[in-house]
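Trainee: Kindly return the folded structure for what I paste below:
(4 chains)
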Protein chains: 2
Amino acid sequence: MNRKSREEWATQIAELEQKPAPARKEPITVGRIVTTALTLVEAEGFDALTMRRVAAALQTGPASLYAHVRNKADLDDLLIGTLSRNVSVPAPDAERWREQVLDVCGQLRDQFLRYPGIARAALSAPPANLDTLRITEGLLGIFLVGGVSPQSAAWAIDAVLLYVSGYTYESSLRGGQPDRAEMLARLRMLPASRFPHVVEHVDTLNSGEGHERFEFALRLLLDGLATAG
Amino acid sequence: MNRKSREEWATQIAELEQKPAPARKEPITVGRIVTTALTLVEAEGFDALTMRRVAAALQTGPASLYAHVRNKADLDDLLIGTLSRNVSVPAPDAERWREQVLDVCGQLRDQFLRYPGIARAALSAPPANLDTLRITEGLLGIFLVGGVSPQSAAWAIDAVLLYVSGYTYESSLRGGQPDRAEMLARLRMLPASRFPHVVEHVDTLNSGEGHERFEFALRLLLDGLATAG
DNA sequence: TCTACTCACGAACACTGTTCGAGTCAACTG
DNA sequence: CAGTTGACTCGAACAGTGTTCGTGAGTAGA
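Mentor: Next comes the predicted model:
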């Protein structure tokens, strides 16, 4: 029994003493990572989503996450997938196809707005995600039953989803009303000589409560579709 | 003459020796920073745009930039402003207002595509930038002369600019054809039971050469405008 | 009981944006 | 002409980022 084993013996005893119940830490899973990440984004925004912070919330180090998730980008995709799984696509109804599209887009919008800034991940996400494809599939069915040609439908879906992501991203950036008041004040300072139309319609430019702008843009797209075939 | 001054004396002599022509380094200006940043983005993309790399290209340290630029976000704004200054807005022509809008959007699109990924900065940029407001002003004039109501014009401009940014951002992410072939292959692997429409129209979904999708979406918006007033 | 094998994770690496404070130089002022 | 002011430069550092490596612990199978 040499010196070294004496030390080991001592540490063993010490461990015995100070570990009454380490309680077998609950194992890390992809699901736990995703839900932790989502609550983090919901509370503090997408910029606060950090491998380190997710790991800390799970009471571990960042290295532990990489056994379940390839990348941060991979994690972002998982989040978008989870959000997409929360929108329900209705069975196509030829009479109400426009409203159905608006409904799906509205659901997606609300999901994105609930997690501020996450739309950036949606813009960066690869389009071959299974969960987002489910939405594409559903929209495609709705468009086709509405009499839209496959070509137009495909491109329209692209445009519509792009708009939803862009809209929600912008919305979550420009957060509150103070920002809006500030911008109005700045717009009023513009010289009317160089910006005649902007100055004249400054109030109109900033109008639009709730999601009026959102619906307006989407209806524009859909109405154009109906006329163009 | 103590020890310290001897050292100073020595370093003075050494400097005299080794500085035949330090050539008075050209001073850093906002303009030099912006052009340096733009060439960097053009060559390596927006993700490579780093204060350190800009500083290195100017043969200095990152701290030197902060005397001319408040933030990295501030630098991003300057870049967007510079790009916006490169698009020329035509004098409104009631007969051709739709084509004029498409023209302006096309210019903006080409500017953004030339500097891959910079559209993200456009999405994050505050809307009260003087240079982007010049474009808004121009578009507003075109819409109004085309008989569009101020309300619709304001919202349509928002939608159109948002679409341009989103489109160019996505385009510069999904870079080349290998990516596209890969995605096509993946789409073909989908089970037709769950994704009937996607599988059936897989080729249509990925069609669209050049900027066909771009023009399609914008025309949809503008045509809808014409009918909706 | 011994051996694989998967998972957890401390430590480190190479980055990032940003600040501080000391130093340098040009231009205005008395 | 001397002196001071104020703008500019920039080395060093700080706190934070994503990611990898190697070690170690625990479980499952032979």
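Trainee: Are stretch A:36-53 and chain B in contact anywhere?
Mentor: No - Stretch A:36-53 does not reach chain B (C-beta under 8 Å from any C-beta of the partner chain); its nearest approach is 10.9 Å. Where C-beta positions appear, they are placed from N, C-alpha and C, glycine not excepted.
Trainee: quick one: buried residues of that stretch?
Mentor: A:36-38, A:40-41, A:45-46, A:49, A:51 (16 or more other C-beta atoms under 10 Å in any protein chain shown).
Trainee: Equivalent analysis for stretch A:94-113, please.
Mentor: A:97-98, A:100-109, A:111-113.
Trainee: how about it, does it reach chain B?
Mentor: No - Stretch A:94-113 does not reach chain B (C-beta under 8 Å from any C-beta); its nearest approach is 11.7 Å.
Trainee: Counting neighbours, what do you get for the nearest residue to A:F195 once chain neighbours are set aside?
Mentor: Closest residue in space to A:F195, ignoring its immediate chain neighbours: B:E137 at 4.9 Å, by C-beta to C-beta, 6 or more residues apart in numbering or on different chains. Using other C-beta atoms under 10 Å in any protein chain shown, the number of residues around B:E137 comes to 19.
Trainee: Taking helix B:150-173 as reference, get the angle to the helix or strand harbouring A:V164.
Mentor: In the assignment (DSSP states H and E), A:V164 maps to helix A:150-173. Put simply, helix A:150-173 runs at 100 degrees to helix B:150-173, going by axes from the mean of the first three to the mean of the last three C-alpha atoms, to 10 degrees.
Trainee: tell me which residues in helix A:150-173 are buried?
Mentor: Residues of helix A:150-173 classed as buried: A:150-173 (neighbour count, 16+ other C-beta under 10 Å).
Trainee: residue contacts, the residue lying closest to A:F46 once chain neighbours are set aside?
Mentor: Spatial nearest neighbour of A:F46, chain neighbours left out: A:G117 (3.1 Å); criterion: C-beta to C-beta, 6+ apart. Contact analysis of A:G117 by C-beta atoms under 8 Å, 6 or more residues apart in numbering or on different chains lists A:41, A:45-47, A:169, A:172-173.
Trainee: rerun at 7 Å
Mentor: For A:G117, the contact set (C-beta atoms under 7 Å, 6 or more residues apart in numbering or on different chains) comprises A:45-47, A:172.
Trainee: Can you tell me which of the residues you listed lies closest to B:V199?
Mentor: A:F46 (33.0 Å; C-beta to C-beta).
Trainee: Please report how far the closest one lies from B:A91.
Mentor: Distance of A:F46 to B:A91, given as C-beta to C-beta, to the nearest Å: 42 Å.
Trainee: just A:I118 next, same as before
Mentor: Applying C-beta to C-beta to A:I118 and B:A91 gives a distance of 42 Å.
Trainee: just A:H211 next, same as before
Mentor: 35 Å.
Trainee: Which residue of the two possesses the greater neighbour count?
Mentor: Set A:H211 next to B:A91 and count neighbours by other C-beta under 10 Å: A:H211 wins out with 17 against 9.
Trainee: could you list every residue that touches the closest residue to the more buried one other than its chain neighbours?
Mentor: Excluding its sequence neighbours, the residue lying closest to A:H211 (C-beta to C-beta, 6+ apart) is A:R109, at 7.1 Å. Taking C-beta under 7 Å, 6+ apart, we find A:R109 in contact with A:164, A:167-168, A:214.
Trainee: got it, and A:H201?
Mentor: Shown in contact with A:H201 (C-beta under 7 Å, 6+ apart): B:150, B:154.
Trainee: Please repeat the previous calculation with a cut-off of 6 Å.
Mentor: When contacts are counted by C-beta atoms under 6 Å, 6 or more residues apart in numbering or on different chains, A:H201 touches B:P150.
Trainee: thinking again about what came up before, pLDDT of the helix holding A:V164, averaged?
Mentor: Mean per-residue pLDDT for helix A:150-173: 95.
Trainee: what's the answer for stretch A:34-45, then?
Mentor: The average of the pLDDT scores along stretch A:34-45 is 97.
Trainee: cool, stretch A:180-189 as well?
Mentor: Rounded mean pLDDT across stretch A:180-189 is 87.
Trainee: Check stretch A:218-229 too.
Mentor: On average, stretch A:218-229 scores 82.
Trainee: Buried residues, it. List them.
Mentor: For stretch A:218-229, the neighbour count (16+ other C-beta under 10 Å) marks A:218, A:220-225 as buried.
Trainee: so does stretch A:128-135 get close to chain B?
Mentor: Yes - Stretch A:128-135 comes into contact with chain B (C-beta under 6 Å from any C-beta of the partner chain), by way of A:A128.
Trainee: Buried ones in that stretch, by neighbour count?
Mentor: Quick answer for stretch A:128-135 (16+ other C-beta under 10 Å): A:128-129, A:131-135.
Trainee: Could you double-check that A:M183 sits in contact with B:N129?
Mentor: No - applying C-beta atoms under 6 Å, one finds A:M183 not in contact with B:N129, separated by 10.9 Å.
Trainee: any idea how far the residue positioned nearest the centre of chain A is from DNA strand D?
Mentor: Closest to where the C-alpha atoms of chain A average out (C-alpha atoms, centre = their mean) is A:I118, at 3.3 Å. Separation of A:I118 from DNA strand D (C-beta to the nearest atom of the strand, to the nearest Å): 14 Å.
Trainee: measure that residue to A:S124 for me?
Mentor: Going from A:I118 to A:S124 by C-beta to C-beta gives 11 Å.
Trainee: Same question for A:E182.
Mentor: For A:E182, the distance to A:S124 - C-beta to C-beta - is 29 Å.
Trainee: quick one, which of these two is more surrounded?
Mentor: A:S124 (16 against 12).
Trainee: and that one, what pLDDT?
Mentor: Per-residue pLDDT puts A:S124 at 93.
Trainee: tell me which element A:A128 is part of?
Mentor: For A:A128, there is no host helix or strand (DSSP H and E).
Trainee: Does it touch B:M183 like I think?
Mentor: Yes - with contact defined as C-beta under 6 Å, A:A128 and B:M183 form a contacting pair (5.2 Å).
Trainee: where does stretch A:173-187 sit relative to the chain's centre, distance-wise?
Mentor: Relative to the centre of its chain, stretch A:173-187 is centred 23 Å away, using C-alpha atoms, centre = their mean, to the nearest Å.
Trainee: And for stretch A:167-180?
Mentor: With C-alpha atoms, centre = their mean, you get 15 Å for stretch A:167-180.
Trainee: do the same with stretch A:94-109
Mentor: Put simply, stretch A:94-109 sits 19 Å off its chain's centre (C-alpha atoms, centre = their mean).
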